[in-house]
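Asks: give me the fold of what follows.
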Amino acid sequence: MLFLRVSAQTDYSTSFDKAYKLYPQIPRGCLEAVAFNNTHVNHLTDMNYTNNDSTAMPRSYGVMGLVLDGKGCFRNNLQTISDMSGISVEAILNSADSNIIAYASAFASMMKMYIPYNKRFCLEDLRPVFVGLSELPLPEKDVEDDFVLNTMLYSVYYFLNDEALCDKYNVKPYKVDFDKLFGKNIKQLSSEGIIVKDCKSSVNVMTETLDDDVEVVKGGGAFVDGPDYIKAIWKPAPECNYAKGRGGATIHGIVIHYTEGSYAGAISWFLNCQSSVSSHYIIRSVDGQVTQMVRESDKAWHARSANAYTIGIEHEAYGDIISYFTDTMYKASADLVKDICRRNQQILPYRMFYRDTLDDGTALDYGVHSLGDSTACITIRGHQHYPGQSHTDPGPYWNWNYYYKLVNDDINVTEFDSDSGTFYDSGGPAGDYGDDERRGYLIHYDEAESIRLTFSEFNLEKDNDFIWIYDGPSVFSPLIGRWNTRNPGKVQSSGNSIFVEFRSDCAITASGWTASWKAIMPIDVISVYPNPAGDFVKIEVPERFFPLKLSVYSETGNLLEEKEINSSFNVLDISGLPDGVLIFNFTKGELNLRRMKIIKFAKNFYHEGL
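Replies: The predicted structure is shown next:
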């Protein structure tokens, strides 16, 4: 939803240790699990929020993410925990230490309600304690089958079971019995796929290739009750939070948001009629699970004037925003976008926003920048890029270039494998490149130390068409730089491959570029001296060539000596080798790096100055 300021990551381990010493009955890790689920272990204050709209989710405070004003939907668990702990609301709001201690006190008190004194208990027995202290609303019945509460619980127990997350916060991981915790619901809570029962899907599941964890029952035909996206959980929002149909409008775009709250909290908020807000999809940070809440054929309320012609995707994030944008989330979101584009072919995946910062310094990923309405070139963009918006998500934390490459993974690549040459844009030496292009140029030479590019001509449409150059064989290699109005000039890779990517938008072309390349050979970086030599030679080799094999031959081709080189500076004794011409041959595996002649003189003869 809205751009939030990022809190610097602070170590709260001292406060957690203090809480466990005060309340030793709490299993270690439980407090960190709640904090990670609610805030990614960041102390949130009002400074973390700039969205004051009535549609904004209730604010969470402190490291434990406690709600003071649930807006009639969420429970005011901050006040509850204040009452149970005896620690004032003000202290809980302002002090991270008090926030953690207050929650721990309430947690210990609630444990007494559900776990008899001195009784051995399992981690799974703490389920009602986590639910009791949560801000999420309690259903009137069937608490154990409530999707929102189970989603929150799954995230908490996921942390406790995950070695990497536990290690990050110095917690010993547990072996959680998820089947005991969630029973028949575990497949839905943990799955990337869907369970569709007694409904009809818009996807012909008989011909759809499904992952192993996707189970579809009675699918096929026109939709009645289920998701548009075959991998989504279907949890429909009430009709009070969206509009049926689109009033004749055609879907032309996708809006990228973040939730400004937890995954479970966002789902709960969209289920609440008082929120008057919704989105078509929500994606969980930790594992990329997707929940659909509004059919694509209906108008979700997520982007004001753009609602009629867009599909909204919310990504779980707030507080330390960038920490929520995991690689798993990016890939799940990209898969969803590809599927949406496949079913709505007027949304073109390569017409995605990627112009983060322009050459004149304008940061289009920071603040509000309208890129046009439904007729605009860019059809996949952030909330901040649509007309009439005040929200600035996803802000500078979303990696648009990476996201673009995940969605558009079918790049047309031209390969060059000679040691030198010239290449042009698609218009050749005399014409212009085309609209809506996405092309790649891979230059690779096996025996090269590096590849040097030189652009003699360079002319692209200002602010819209760009070249990216990568230090390696693909668009996922390290980025050397991006160019638009300035000529790249000379660019050199660190290895034997360099990759050039070009993207143009839907209108206005230019004359493009003329670029030449030259393979820089190892002869320039492997040194043997002096030459002529006496009894010793010095050999200098870049570290990246280790281990390197040196074979010394006579002029007639007889192998005289072999040596493995594993250091940058070496002194080789050749006093035992015959005088005359020696052939030094350097190889790495099957790759010949350098072959050179060394003239060896008799010691006395050499030192006479010849």
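
Asks: pLDDT on the strand or helix carrying Val255, on average?
Replies: In the assignment (DSSP states H and E), Val255 maps to strand 253-258. For strand 253-258, mean pLDDT rounds to 97.

Asks: who are the packing partners of it?
Replies: In terms of contacts (3 or more CB pairs under 8 Å, 6 or more residues apart in numbering; DSSP states H and E), strand 253-258 is packed against strand 310-315, helix 327-343, strand 380-382. (C-beta placed from N, C-alpha, C; glycine too.)

Asks: all helices of the stretch 501-610 of the chain, in order?
Replies: Counting by DSSP state H, counting those that start in this stretch, residue ranges of the helices within the stretch 501-610 of the chain are 603-607.

Asks: which stretches of it form strands?
Replies: 512-520, 527-529, 536-540, 548-554, 559-565, 569-573, 580-588, 591-600 (DSSP state E, counting those that start in this stretch).

Asks: next, the buried residues of the longest helix seen in the chain.
Replies: Looking across the chain with DSSP state H, the single longest helix is helix 96-114. Buried positions in helix 96-114, judged by neighbour count with 16 or more other CB atoms under 10 Å: 96-111.

Asks: kindly reformat the strands of the stretch 501-610 of the chain as JSON lines containing mean pLDDT and distance to Asp471.
Replies: Compiled in JSON lines, the strands of the stretch 501-610 of the chain are given as follows (pLDDT from 0 to 100; distance: least, CB to CB, whole Å):
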{"stretch": "strand 512-520", "mean pLDDT": "96", "distance to Asp471": "14"}
{"stretch": "strand 527-529", "mean pLDDT": "93", "distance to Asp471": "24"}
{"stretch": "strand 536-540", "mean pLDDT": "95", "distance to Asp471": "24"}
{"stretch": "strand 548-554", "mean pLDDT": "96", "distance to Asp471": "22"}
{"stretch": "strand 559-565", "mean pLDDT": "96", "distance to Asp471": "25"}
{"stretch": "strand 569-573", "mean pLDDT": "96", "distance to Asp471": "26"}
{"stretch": "strand 580-588", "mean pLDDT": "94", "distance to Asp471": "19"}
{"stretch": "strand 591-600", "mean pLDDT": "89", "distance to Asp471": "19"}
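
Asks: nearest to Val407, of the ones you listed?
Replies: With CB to CB as the criterion, Val407 lies closest to strand 512-520 of the strands of the stretch 501-610 of the chain, at 24.5 Å.

Asks: list the buried residues for the closest one?
Replies: Result for strand 512-520 [16+ other CB under 10 Å]: buried residues Gly512, Trp513, Thr514, Ala515, Trp517, Lys518, Ala519, Ile520.

Asks: farthest pair within those residues?
Replies: Pairwise distances across the buried residues of strand 512-520 (CB to CB) peak at 25.3 Å, for the pair Gly512 and Ile520.

Asks: quick one: least confident helix or strand in this structure?
Replies: Least confident helix or strand, the chain: strand 215-216 with a mean of 41, by mean pLDDT, DSSP states H and E.

Asks: tell me the mean pLDDT for whatever helix or strand comes next after that strand?
Replies: Sequence-wise, the next helix or strand downstream of strand 215-216 (DSSP H and E) is strand 233-234. For strand 233-234, mean pLDDT is 94.

Asks: show me what strand 233-234 is packed against.
Replies: Contacts defined by 3+ CB pairs under 8 Å, 6+ apart place strand 233-234 against strand 290-292.

Asks: can you list the strands that the helix or strand following the strand it packs on pairs with?
Replies: The first helix or strand that comes after strand 290-292 along the chain, using DSSP H and E, is strand 299-300. If you go by DSSP bridges, strand 299-300 pairs up with strand 242-243 (antiparallel).

Asks: now what about the partner strand, what contacts it?
Replies: Residues from elsewhere that reach strand 242-243, judged by CB atoms under 8 Å, 6 or more residues apart in numbering: Ser278, Val294, Asp298, Lys299, Ala300, Trp301, Asn307.

Asks: most neighbours among these, which one is it?
Replies: Neighbour counts for the contacts of strand 242-243 peak at Ser278, which has 28 neighbours (criterion: other CB atoms under 10 Å).

Asks: show me the helices in the stretch 1-150 of the chain, by range?
Replies: Here the stretch 1-150 of the chain has its helices, by DSSP H, counting those that start in this stretch, at 13-22, 30-39, 77-85, 89-94, 96-114, 127-132, 147-161.

Asks: and the ones you listed as CSV, adding distance to Val581?
Replies: Compiled in CSV, these are given as follows (distance: least, CB to CB, whole Å):
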stretch, distance to Val581
helix 13-22, 67
helix 30-39, 69
helix 77-85, 85
helix 89-94, 82
helix 96-114, 75
helix 127-132, 80
helix 147-161, 68
